[in-house]
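Chemist: whatever this is, show me its structure:
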Amino acid sequence: MTKAIKKEKPHYLGHRQRLRHRFLKEPQVIPDYELLEMILYWAYPRVDTKERAKDMLAQYGNLNVMIQKAERGEFSESLNTLFCVF
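Modeler: Numbering: from 1, shown residues only. Predicted coordinates for the structure are as follows:
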């Protein structure tokens, strides 16, 4: 008789839901990269946005700077629109 092997779910399943729940519960404790990650969900609905968010923050410094650049129209049209919505 063989035992069924229990497969563990990948760690990333449910990540967006968990992050959204944390944001709704305590938004003040969410780091910039996770806020940016949530903003990028709109632009990249089926893509892991964590590394992209971290890369963008490394390039621009912080989320506040990125929002200011978007308000001045310094990103692509789609990113400017995305940031200005938030």
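
Chemist: tell me which element the residue nearest the centre of the chain falls in.
Modeler: Geometric centre of the chain, nearest residue: residue 37, 0.9 Å, by CA atoms, centre = their mean. Secondary structure from DSSP states H and E places residue 37 in helix 32-43.

Chemist: please name the nearest non-neighbouring residue to residue 44.
Modeler: residue 52 (7.3 Å; CB to CB, 6 or more residues apart in numbering). Just so you know, the C-beta spots here come from the backbone N, C-alpha and C atoms, and that holds for glycine as well.

Chemist: what pLDDT does that neighbour get?
Modeler: You'll see residue 52 listed with a pLDDT of 90.

Chemist: residues making contact with the helix or strand bottoming out on mean pLDDT in the chain?
Modeler: Lowest on mean pLDDT, DSSP states H and E among the helices and strands of the chain sits helix 77-85, with a mean of 73. When contacts are defined by CB atoms under 8 Å, 6 or more residues apart in numbering, helix 77-85 is touched by residues 39, 40, 42, 43, 66, 67, 70, 71, 73, 74, 75.

Chemist: which parts of the chain are helices?
Modeler: In the chain, the helices defined using DSSP state H lie at 15-25, 32-43, 50-60, 63-71, 77-85.

Chemist: now do the longest one: which elements does it pack against?
Modeler: The helices and strands touching helix 32-43, judged by 3 or more CB pairs under 8 Å, 6 or more residues apart in numbering; DSSP states H and E, are helix 15-25, helix 50-60, helix 63-71, helix 77-85.
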